[in-house]
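Visitor: This is a predicted model, with the sequence first.
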Amino acid sequence: MKKHRIYYLDMLRIIATLAVIIIHVSSQSLFYLKNVHTFIWQSLNFWDSMSRWSVPVFVMISGALFLDPSRLIKIKTLFTKNIWRIVCATIFWHIFYALYTFIFESHSLSVAIKLIIRGYSHLWFLHMIIGLYLLVPLLRKITENTRLTRYFLILAAIFSIIIPTFFGVYRSIVHYQIIPAIVKSIMRSLINLNNSFYFSFTLYFSTYFVAGYYLNHIEINKVWQLIIYLLAILGFVVTFAGTNYLSLRFNKRILPFYDYMSLNVALTSAGVFVFFKELSKKINWNKNSRLITCMTDLSVLTFGIYLIHFLFVRIGARNFHMFKLMPNTFLAVPIISVIIFIISTIIAYIIHQIPWFRNHIM
């Protein structure tokens, strides 16, 4: 058994990677073309809603590791190793997907150039991670103190999750719902008031970054575990049923509950993280060396799987018309996602055997 390795984080990486693939398989053209009243759209909404926790949990995993004060992380090493690796991967995969769309999807040269600059779809995650890594030295000063960490998370819960969720739902329905003029005026004033605080430090994914460290660090008693799990289930129900209700009511896709910073997604993400942490305590890792080897080896490949998988999602959608081959989307989404996960794992493993690629782009 490897010392000092947090095995439940490996489990989370693997499952979160599969969940990301499920999101991307679910959100292909059928999601946007089909009527929201159809079974096809409803099943796609189910799987997408089921997997929304994946990206926040990825960030929480990084926070659990990078913000732990007991781990020595020098600023120089942070830049020359961690950030530089992500920068190299970002440049390579920007170019890779730009060339793919130009050559195989017949996009124009101008579109390819834009993709080289801004990145292809799922690569936004790399940009976000670079931003969080830049904050690591500052956030570590906060996580050195438990009271400061809790204070940070309270501010983050208010300004990064609760308030944006409220305003996000309002903005999504205001153009489709008859709302009294006085209510609109009040809402505009509240939005302007919120913006006038110019409060940004605890916003967006730094919330999950710090939460990952905190949830990994603290011990949670049985009562609070139960509360967290119930709230996580409630979060999923709100994501699925809320999206379903608003979309059916206004006869178009209304997706504020899909937002990674929405309260419902945050509750589900915290519940998933805590569940695997507590599950790990019940596993006798000393007697499962083969499981550990397989799990840690696969965990190492998850970054590469994440980077390469979208290629196979697009090939499946464009070239193999995957939902025509499997028209029952409720069954098709998980099956196709597992197939893409396996193919991506094989390709990532092969690429990982090349030292330069392993050290710089995966």
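Guide: Structure received. Model, not experiment: these values are computed from the prediction.
Visitor: Which pLDDT value does the model give the spatially most central residue of the chain?
Guide: In the chain, the centroid-proximal residue (Cα atoms, centre = their mean) is V55; its distance is 0.9 Å. Looking at V55, its pLDDT is 96.
Visitor: before we move on, what about F257?
Guide: According to the prediction, F257 has pLDDT 95.
Visitor: what's the distance between it and I6?
Guide: Note on F257: its distance to I6, by Cβ to Cβ, to the nearest Å, is 31 Å. C-beta coordinates here come from the backbone N, C-alpha and C atoms, glycine included.
Visitor: With I142 instead?
Guide: Counting by Cβ to Cβ, the separation of I142 from I6 is 21 Å.
Visitor: Between the two, which is the more surrounded one?
Guide: Neighbour totals were compared for I142 and I6, and I142 leads with 23 against 15 (other Cβ atoms under 10 Å).
Visitor: Name the nearest residue to I95, ignoring sequence neighbours.
Guide: Sequence neighbours aside, I116 is the residue nearest to I95 in space, at 5.8 Å (criterion: Cβ to Cβ, 6 or more residues apart in numbering).
Visitor: related to what we said a few turns ago, look up which helix or strand the residue nearest to the centre of the chain falls in, please.
Guide: Applying DSSP states H and E as the criterion places V55 in helix 54-66.
Visitor: Using CSV, write out every CA atom in the helix or strand harbouring S189.
Guide: Assigned by DSSP H and E, S189 belongs to helix 181-196. Taking Å, rounded to 0.1, in the frame of the first residue of the first chain, the C-alpha atoms of helix 181-196 are listed here in CSV:
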residue,chain,number,x,y,z
ALA,A,181,-43.6,45.8,-13.2
ILE,A,182,-43.0,46.5,-9.5
VAL,A,183,-41.4,43.1,-9.0
LYS,A,184,-39.1,43.6,-12.0
SER,A,185,-38.1,47.0,-10.6
ILE,A,186,-37.3,45.4,-7.2
MET,A,187,-35.3,42.6,-8.8
ARG,A,188,-33.3,45.0,-11.0
SER,A,189,-32.5,47.0,-7.9
LEU,A,190,-31.4,43.9,-6.0
ILE,A,191,-29.2,42.8,-8.9
ASN,A,192,-27.6,46.2,-9.1
LEU,A,193,-27.1,46.3,-5.3
ASN,A,194,-25.4,42.9,-5.4
ASN,A,195,-23.1,44.0,-8.2
SER,A,196,-22.2,47.2,-6.4
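Visitor: Also compute the angle for the next helix or strand after it relative to helix 54-66, please.
Guide: Per DSSP H and E, the first helix or strand lying C-terminal to helix 181-196 is helix 206-217. For helix 206-217 against helix 54-66, the angle by axes from the mean of the first three to the mean of the last three Cα atoms, to 10 degrees is 60 degrees.
Visitor: chain center to helix 206-217, what's the gap?
Guide: 14 Å (Cα atoms, centre = their mean, to the nearest Å).
Visitor: show me where pLDDT drops low in the stretch 51-200 of the chain?
Guide: Along the stretch 51-200 of the chain, segments meeting pLDDT under 70 span 198-199.
Visitor: all helices of it, in order?
Guide: Secondary structure of the stretch 51-200 of the chain (DSSP state H, counting those that start in this stretch): helices at 54-66, 75-77, 84-104, 109-118, 124-143, 146-156, 163-173, 181-196.
Visitor: closest one to K282 among the ones you listed?
Guide: Relative to K282, the nearest member of the helices of the stretch 51-200 of the chain by Cβ to Cβ is helix 54-66, separated by 19.1 Å.
Visitor: Mind giving me the packing neighbours of the closest one?
Guide: helix 7-26, helix 124-143, helix 206-217, helix 263-281 (3 or more Cβ pairs under 8 Å, 6 or more residues apart in numbering; DSSP states H and E).
Visitor: let's see it at 6 Å
Guide: Secondary-structure packing of helix 54-66 (3 or more Cβ pairs under 6 Å, 6 or more residues apart in numbering; DSSP states H and E): helix 7-26, helix 206-217, helix 263-281.
Visitor: Tell me which residues of that helix come out buried.
Guide: Buried positions in helix 54-66, judged by neighbour count with 16 or more other Cβ atoms under 10 Å: S54, V55, P56, V57, F58, V59, M60, I61, S62, G63, A64, F66.
Visitor: The nearest residue to T17 once chain neighbours are set aside: neighbouring residues, count only.
Guide: Among residues not flanking T17 along the chain, T302 sits closest, at 4.5 Å (Cβ to Cβ, 6+ apart). By the criterion of other Cβ under 10 Å, T302 has 25 neighbours.
Visitor: And T302, which helix or strand is it part of?
Guide: Element membership for T302, per DSSP H and E: helix 289-318.
Visitor: could you give the mean pLDDT of that helix?
Guide: Averaged across helix 289-318, the pLDDT comes to 92.
Visitor: Now do it: distance to the chain's middle.
Guide: Put simply, helix 289-318 sits 15 Å off its chain's centre (Cα atoms, centre = their mean).
Visitor: what sits up against the helix holding V55?
Guide: 9, 12, 16, 19-20, 136, 205, 208-213, 216, 260, 269, 272-273 (Cβ atoms under 6 Å, 6 or more residues apart in numbering).
Visitor: on that earlier part again, look up how far N251 lies from the residue nearest to the centre of the chain.
Guide: Following Cβ to Cβ, the distance that separates V55 from N251 is 28 Å.
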